[in-house]
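> for reference, the sequence and a predicted model appear below.
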Amino acid sequence: MNKLIDMRILTTLFLLASISTFAQTTLIQCGNLFDAEEGKMKGTHTIIINKDTITVVEKGIVTPRMKDATIIDLKEYTVLPGLIDLHVHIESETNPNKYLEPFQLTDADVAFNSQVFAKTTLMAGFTTVRDVGGRGVNIALGDAIDKGKVVGPRIFTSGKALATTGGHADPTSGNNYQYMGDPKVKEGVVNGVASAKKAVRQRYKNGADLIKITATGGVLSVAKNSSNPQFSIDEIKAITSTAKDYGFHVAAHAHGDEGMQRAILGGVKTIEHGTLMSEETMEMMKENDVYLVPTIIAGKYVSKMAKVPDYYPEVVVPKALSIGPKIQSTFGKAYENGVPIAFGTDAGVFPHGENAKEFQYMTEAGMSLFEALRSATITNAEILKMDGKLGQIKKGFFADIIAVKGKLEESSADKLTNIKFVMKSGKIHKQPKEQ
């Protein structure tokens, strides 16, 4: 008798739990579903979500059996995992006064601006980003988004990027002597093995998720050279070995070939831009499992804006005109040679929210659209060590889901610039007007 009562109690508790669960259940009925693992469309499916997690992905259209379930009708849409951009600068955005902003904007100004950029990025379908350099507000912004205080993508950030004295990402380059000073580890400037190690530990202390170094000169820094190597191999090895101790990977900005080779030999995980990459460097990347993050759109944008009078400082213009137009062709050669590719755009160098234009430029250079989508989903999730939670529409993964109207085909990359539905962690942020 007692056993029978116990069974009734257990059954009642189970039903109560089920009702509670069903009350938070969402069904997305998909006209076409992109499978990032296989890199192909899988036709009509239904995604069942509980709270922030996908619980079932079932073929066909499923009709809910519970009254409290929310139904999202996307039967006229192509549904994809939320996109991941591995190269953004979420704190700022290009404008003619950009080089005055360090002297004019406070951290509070940057924080308010970055909230706008973050929301714009999410609404463009990018539910996760890797921020690779700002003044440190990016760390607080990511925390605020995680806590639901601010709307934006999930942010993995390097905090302040690491540079050498006078190098790309030295925050005082281009200042007059009165304001130049001698920035050190706190400001992200390192020289020698000891300060390189300390800089990584400081980023960890600040709350960063990864490390970014500027292995060569850059286009937009107020300095003459865009491609010279700026770290020694010993310094890079000190950074990557220390980063490994703290569970970080290292991203390396690099335009010049020598700087890329030092970064690869030093143990970095990604090369950002890779403009002047040689075939020898491509082989080194394949041998060492190093990914190219191409940022084609940024190259096109800076080369265009360099022709606008007074948009950039004079020293920047020839670099932008020289380096910018080469990135797409280098990407095409790297892809053809089998270099691992990870999707990244350099958003902030161009207006936030236009990130998906990168897909068009990647396909123009020879990569199929579905391969490009894999690079922006499953590949990037693996680099972030989130491949069990991000990058796929699959049981147990976060409900990061986006959709475009109609069928998404190899020839329709432009549709990704017009995202109609955005869900992040089970919360809807954007949906078709008819819903």
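That came through fine.
> first-to-last residue distance for stretch 132-151?
20 Å (C-alpha to C-alpha, to the nearest Å).
> what's the answer for stretch 391-405, then?
20 Å.
> chain center to that stretch, what's the gap?
In terms of C-alpha atoms, centre = their mean, to the nearest Å, the centre of stretch 391-405 is set 16 Å apart from its chain centre.
> equivalent analysis for stretch 270-278, please.
17 Å.
> what's the answer for stretch 394-411, then?
Between the centre of stretch 394-411 and the centre of its chain there are 17 Å (C-alpha atoms, centre = their mean).
> can you give me the buried ones in it?
Residues 394, 397, 398, 399, 400, 401, 402, 403, 404, 405, 408 are the ones in stretch 394-411 that count as buried (16 or more other C-beta atoms under 10 Å). Glycine gets a C-beta too; all of them are placed from N, C-alpha and C.
> for that stretch, what is the average pLDDT?
Average pLDDT, stretch 394-411: 97.
> kindly report the same for stretch 195-211.
For stretch 195-211, the per-residue pLDDT averages 98.
> put the alpha carbons of that stretch into CSV.
Extracted in CSV, the C-alpha atoms of stretch 195-211 (Å, rounded to 0.1, in the frame of the first residue of the first chain):
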residue,chain,number,x,y,z
SER,A,195,56.5,41.8,-19.7
ALA,A,196,54.9,39.6,-22.3
LYS,A,197,54.1,37.0,-19.6
LYS,A,198,52.9,39.7,-17.2
ALA,A,199,50.6,41.2,-19.9
VAL,A,200,48.8,37.9,-20.4
ARG,A,201,48.3,37.5,-16.6
GLN,A,202,47.0,41.1,-16.5
ARG,A,203,44.5,40.3,-19.2
TYR,A,204,43.3,37.3,-17.2
LYS,A,205,43.1,39.5,-14.1
ASN,A,206,41.0,42.0,-16.0
GLY,A,207,38.5,39.3,-17.1
ALA,A,208,39.5,38.7,-20.7
ASP,A,209,38.8,35.4,-22.5
LEU,A,210,41.6,35.3,-25.0
ILE,A,211,44.8,37.2,-26.1
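> backbone dihedrals for the closest residue to residue 278 other than its chain neighbours, please?
With C-beta to C-beta, 6 or more residues apart in numbering as the criterion, residue 278 has its nearest non-adjacent residue at 4.9 Å, and that residue is residue 257. Here the main-chain torsion angles of residue 257 (degrees, to the nearest 10) amount to phi -70, psi -40.
> one more: residue 272?
With angles defined as degrees, to the nearest 10, residue 272 sits at phi -90, psi 130.
> can you tell me how far the residue nearest to residue 278 sits from residue 221?
Residue 257 is 19 Å from residue 221, where distance means C-beta to C-beta, to the nearest Å.
> using a markdown table, please lay out the buried residues of stretch 394-411 together with secondary structure and distance to residue 344.
What follows is the buried residues of stretch 394-411, written out as a markdown table (DSSP: H, G, I helix; E, B strand; the rest coil; distance: C-beta to C-beta, whole Å):
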| residue | secondary structure | distance to residue 344 |
| --- | --- | --- |
| 394 | coil | 23 |
| 397 | coil | 21 |
| 398 | strand | 20 |
| 399 | coil | 24 |
| 400 | coil | 18 |
| 401 | strand | 21 |
| 402 | strand | 18 |
| 403 | strand | 23 |
| 404 | strand | 21 |
| 405 | strand | 26 |
| 408 | coil | 21 |
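> can you redo those as CSV with distance to residue 125?
Output for the buried residues of stretch 394-411, formatted as CSV (distance: C-beta to C-beta, whole Å):
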residue, distance to residue 125
394, 18
397, 16
398, 15
399, 14
400, 10
401, 10
402, 4
403, 9
404, 8
405, 13
408, 12
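> and which of these is nearest residue 212?
Comparing the buried residues of stretch 394-411 against residue 212 with C-beta to C-beta places residue 400 closest, at 23.7 Å.
> isn't that closest one up against residue 427?
No: Residue 400 sits out of contact with residue 427 when judged by C-beta atoms under 8 Å, with a separation of 10.1 Å.
> where does the stretch 1-150 of the chain have low pLDDT?
For the stretch 1-150 of the chain, applying pLDDT under 70 flags the ranges 1-23, 66.
> what ranges does it have for its helices?
2-22, 101-104, 107-123, 137-146 (DSSP state H, counting those that start in this stretch).
> give me the element residue 194 is part of.
If you go by DSSP states H and E, residue 194 is part of helix 193-206.
> buried residues in that helix?
Residues of helix 193-206 classed as buried: 193, 195, 196, 197, 198, 199, 200, 202, 203, 204 (neighbour count, 16+ other C-beta under 10 Å).
> just send those residues back as JSON lines, with distance to residue 158 too.
Shown next, in JSON lines, are the buried residues of helix 193-206 (distance: C-beta to C-beta, whole Å):
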{"residue": "193", "distance to residue 158": "20"}
{"residue": "195", "distance to residue 158": "17"}
{"residue": "196", "distance to residue 158": "14"}
{"residue": "197", "distance to residue 158": "16"}
{"residue": "198", "distance to residue 158": "16"}
{"residue": "199", "distance to residue 158": "11"}
{"residue": "200", "distance to residue 158": "10"}
{"residue": "202", "distance to residue 158": "12"}
{"residue": "203", "distance to residue 158": "7"}
{"residue": "204", "distance to residue 158": "11"}
